[in-house]
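any chance you can model this:
(2 chains)
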There are 2 protein chains.
Amino acid sequence: MPLEALRHPITPAGLHYLLIHYDIPFVDAGAWALDVEGAVAQPQRLTLDDLRAREAVEVAVTMECAGNGRALFDPHVVSQPWLRDAVGTARWRGISMRSVLEEARVEDSAVEIVFTGLDRGIEGDVAQEYARSLPLEEAMRDEVVLAYEMNSAPLLPQHGYPLRLVVPGWYGMTNVKWLSRVTVLAEPFAGYQQSRAYRMRAHEDDDGEAVQRMVPRSLLVPPGIPEFLTRARTLRAGICVLEGRAWSGQAPIEHVEISVDGGATWEPAQLAADDLGRWAWRGWTYEWEARPGAHRVGSRARDAVGNAQPLAATWNVGGYANSAVQWVNVAVAEFGVTRERARSGASRPRPARPSGSRA
Amino acid sequence: MPLEALRHPITPAGLHYLLIHYDIPFVDAGAWALDVEGAVAQPQRLTLDDLRAREAVEVAVTMECAGNGRALFDPHVVSQPWLRDAVGTARWRGISMRSVLEEARVEDSAVEIVFTGLDRGIEGDVAQEYARSLPLEEAMRDEVVLAYEMNSAPLLPQHGYPLRLVVPGWYGMTNVKWLSRVTVLAEPFAGYQQSRAYRMRAHEDDDGEAVQRMVPRSLLVPPGIPEFLTRARTLRAGICVLEGRAWSGQAPIEHVEISVDGGATWEPAQLAADDLGRWAWRGWTYEWEARPGAHRVGSRARDAVGNAQPLAATWNVGGYANSAVQWVNVAVAEFGVTRERARSGASRPRPARPSGSRA
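Presented below is the predicted three-dimensional model:
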């Protein structure tokens, strides 16, 4: 998601980030069904019509890739080279995961639930369908959804059509797309994506801890206008309302602070109303009087249990959870780029002006 | 667009390629209007309601970035590093460009029409709103559309909401998004995107020719399944129906050929029905009996006026129009990756299988 899209509380279709390990499956929903199996008394096979006939639930969720920020780690980590744009917010509609497990009558021996997708590939020398597990108590949370709609439309092919798992608060790898099978296990799942990928490992011989919930992060809409190649920002002097959004998978966002001097001083931002609920990001604004010169603008978030976004994150083998503060260098000029505009012949007044173009 | 999405005749929302020079404008459509001005007898100011009240036209268009394939040029060209995925097909609905020009009564002196967007940035040291021109006779073509819908929905913010230009057959840079102004000129337009960018230049001192219509290209869905990091393909031996799509901005596609031996021999593909019309890609299939071993699979297109897709394209300063044949290396194994699947615990039969996962 290009960061100017932070202006939208719900990310427009096509701007929500995607991380697809293998190919996007081409699924015939008429032939598709979800199997619920394993340590259950009543195995289920549910068609899309079966799912749509049940009571629907909807939840707005901010979803972020565990690898968001990876490309900013030093030394470099070889994998999907995200800067900070691997995030998005959507309204997911479907049925409660718990209702399915209750109907299948999970046996007392159950400890984990494995979710398997239709996407197939080879990773770490293992041919596999993408599969991830959740502890039983996480899968039974109220807000865990088997979603067949995103923003009031059927799932797009690339977002998991016809059905995906959505686990609010967890990083994206948990939210298995193109879901075909839910398997209740009496022992922990040892699949590749659980035991080898998505672990916070300090070095190659470290088993590490599993990556689970999103750590706090705030991002801001880069002010002014960009240079095409460098993306360097230029802004006209005057009042500039900085805006952005913050989230944490661990607790509600309690505080966002802004610095316009590279971290020498911090001021509180104004938090917007909490319209989207607990599991989506929270908007914020900050009125900045931008004076001519070079500035370094950033924001940082803290959640209600005291997790604070760091200035630098801890390097790890997989390049996960790099929530270091986003700094934006902004060149503020008294007259913006007016003279250059005149030179390019584009200086006449515009009938409508996008809010992001005040340089 | 990941190339497995070639399976869809109309590219799903969010998979159509995007090339956005600056930021995505955040437009209030209620305050927006289109100005038609310059060498016209009757300047116009048209609101979105005005446009929607007029007779609508719709056209299915395959749109490709002029820089598609740039990252495959050697020496490397520094700009958007596309492999071959900068393409997509959509149904664009709006009003005929010609009807607007006729209503404005273009003066006899007119030679070019300039289309200016709301997206602002700095490029080549010039601050600018993105602007491109068309010769008058191109703008008057039947199928040139001012589009307010894409695939039966209002334009998404990133595709030019509320209005964009669509010029079937031309490369993507022509199709100005977030359109705010149509200016009729009595002399050729000398703006940055016309006189400096998007020209086929052999070396830095060459002015070059303007990039205009798409040259022929065929792409294929990579067969089998991918390895996560390398994207190397593995396929099970047996009949494999190769599929892909081909297009040319210059004339209808007449012929597509397939090679499964790296170009030593070529066989004709079967062209699908021409359902989407002249301005969209044409599907093709080819039944391949894949035998165990290493194979190199590719396709090439030829159009009705004899333009043929080359094995290697001519390097140029901007890295444009690299339509060299796409070669896919495929490792074919007698039993696919069945044994590894068994090792990963994922070998049981699936209730539904995506068509792309037969390895």
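
ok, which stretches of the stretch 251-359 of chain A are strands?
In the stretch 251-359 of chain A, the strands defined using DSSP state E, counting those that start in this stretch lie at A:253-259, A:267-268, A:270-271, A:282-290, A:293-303, A:328-333.

with distance to chain B, mean neighbour count and mean pLDDT added, can I get those strands in JSON lines?
Yep, even glycine has a C-beta here, placed from its N, CA and C like the rest. Supplementary listing: those in JSON lines, determined by distance: least, C-beta to the nearest C-beta, whole Å; neighbours: other C-beta atoms under 10 Å in any protein chain shown; pLDDT from 0 to 100:
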{"stretch": "strand A:253-259", "distance to chain B": "20", "mean neighbour count": "21", "mean pLDDT": "98"}
{"stretch": "strand A:267-268", "distance to chain B": "25", "mean neighbour count": "11", "mean pLDDT": "98"}
{"stretch": "strand A:270-271", "distance to chain B": "19", "mean neighbour count": "14", "mean pLDDT": "98"}
{"stretch": "strand A:282-290", "distance to chain B": "14", "mean neighbour count": "19", "mean pLDDT": "98"}
{"stretch": "strand A:293-303", "distance to chain B": "16", "mean neighbour count": "20", "mean pLDDT": "98"}
{"stretch": "strand A:328-333", "distance to chain B": "10", "mean neighbour count": "19", "mean pLDDT": "97"}
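
export the ones you listed to TSV and tack on distance to A:I95?
What follows is those, written out as TSV (distance: least, C-beta to C-beta, whole Å):
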stretch	distance to A:I95
strand A:253-259	28
strand A:267-268	40
strand A:270-271	32
strand A:282-290	27
strand A:293-303	29
strand A:328-333	41
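
what parts of the stretch 151-300 of chain A come near chain B?
A:156-159, A:178, A:180-181, A:191-192, A:222, A:225-229, A:234 (C-beta under 8 Å from any C-beta of the partner chain).

separate out the buried members of those residues.
Among these, those buried by neighbour count (16 or more other C-beta atoms under 10 Å in any protein chain shown) are A:156-159, A:178, A:180-181, A:191-192, A:222, A:225-228, A:234.

which one of the strands of the stretch 251-359 of chain A lies closest to A:H21?
When the strands of the stretch 251-359 of chain A are compared by C-beta to C-beta, strand A:293-303 sits nearest A:H21, at 28.9 Å.

packing partners of the closest one?
Packing partners of strand A:293-303 (3 or more C-beta pairs under 8 Å, 6 or more residues apart in numbering or on different chains; DSSP states H and E): strand A:217-220, strand A:238-247, strand A:253-259, strand A:282-290, strand A:328-333.

wait, which of the ones you listed is closest to A:V297?
Taking C-beta to C-beta as the criterion, A:V297 comes closest to strand A:328-333 out of the helices and strands packed on strand A:293-303, the separation being 4.8 Å.

for the closest one, which outside residues touch it?
Under the criterion C-beta atoms under 8 Å, 6 or more residues apart in numbering or on different chains, residues A:220, A:222-224, A:232-237, A:290-298 lie in contact with strand A:328-333.

let's see it at 10 Å
Outside of strand A:328-333, the residues that reach it under the criterion C-beta atoms under 10 Å, 6 or more residues apart in numbering or on different chains are A:3, A:219-224, A:227, A:230-238, A:240, A:242, A:260, A:262, A:288, A:290-299, A:337, A:339, A:359.

okay, the angle between it and strand A:282-290?
30 degrees (axes from the mean of the first three to the mean of the last three C-alpha atoms, to 10 degrees).

partners of strand A:328-333 in the sheet?
Listed by DSSP bridges, the sheet partners of strand A:328-333 and their directions read strand A:233-236 (parallel), strand A:293-303 (antiparallel).

got the contact list for the residue positioned nearest the centre of chain A?
Centre of chain A computed as the mean C-alpha position; nearest residue by C-alpha atoms, centre = their mean is A:E64, 1.8 Å away. Contacts here follow C-beta under 10 Å, 6+ apart; on that basis A:E64 touches A:17, A:82, A:84, A:86-89, A:170-172, A:214-215, A:217, A:219, A:247, A:249, A:281, A:321, A:323.

contacting residues for the nearest residue to A:S299 once chain neighbours are set aside?
Spatial nearest neighbour of A:S299, excluding adjacent residues (C-beta to C-beta, 6 or more residues apart in numbering or on different chains): A:S218 at 4.3 Å. Under the criterion of C-beta under 10 Å, 6+ apart, the contact partners of A:S218 comprise A:6, A:244-248, A:253, A:255-258, A:269, A:281-282, A:284, A:298-302, A:309, A:323, A:325-326.

quick one: which of the residues of the stretch 151-300 of chain A next to chain B is nearest A:V36?
Proximity of these to A:V36 was ranked by C-beta to C-beta; the top entry is A:R181 with 8.0 Å.

that closest one - that's part of a strand, no?
Yes. Secondary structure assignment (DSSP: H, G, I helix; E, B strand; the rest coil) places A:R181 inside a strand.

run through the bridge partners of it.
Beta-bridge partners of A:R181, as defined by DSSP bridges: A:D35, A:T116.

isn't it up against A:L34?
Yes. If you go by C-beta atoms under 10 Å, A:R181 and A:L34 touch, sitting 7.2 Å apart.

low-confidence regions, chain A specifically.
Applying pLDDT under 70 to chain A picks out residues A:336-359.

90 instead, please
Applying pLDDT under 90 to chain A flags residues A:125, A:274, A:334-359.

returning to that earlier point: to A:F115, which of the strands of the stretch 251-359 of chain A lies closest?
Shortest distance between A:F115 and the strands of the stretch 251-359 of chain A, using C-beta to C-beta, is found for strand A:293-303: 26.7 Å.

number of residues surrounding A:H203?
8 (other C-beta atoms under 10 Å in any protein chain shown).

give me the phi and psi angles of the residue nearest to it when sequence neighbours are not counted.
Nearest residue to A:H203, sequence neighbours excluded (C-beta to C-beta, 6+ apart): A:V317, at 6.6 Å. Dihedral angles phi and psi of A:V317 (degrees, to the nearest 10) take the values phi -60, psi -40.

where's A:S109 relative to A:A41, distance?
Using C-beta to C-beta, to the nearest Å, we find A:S109 at a distance of 11 Å from A:A41.

those two: which is more packed in?
Between A:S109 and A:A41, counting by other C-beta under 10 Å, A:S109 is the more crowded of the two (11 against 8).

dihedrals phi and psi, the more buried one?
The phi and psi torsions at A:S109 (degrees, to the nearest 10) take the values phi -70, psi -10.

any figure for the gap between it and chain B?
The spacing between A:S109 and chain B, counted by C-beta to the nearest C-beta, to the nearest Å, is 18 Å.

wait, what's in contact with the closest residue to A:A202 other than its chain neighbours?
Once flanking residues are discounted, A:A202 sits nearest to A:N316: 6.3 Å by C-beta to C-beta, 6+ apart. Residues near A:N316 by C-beta under 10 Å, 6+ apart: A:70, A:73, A:77, A:199-203, A:206, A:208, A:211, A:322.
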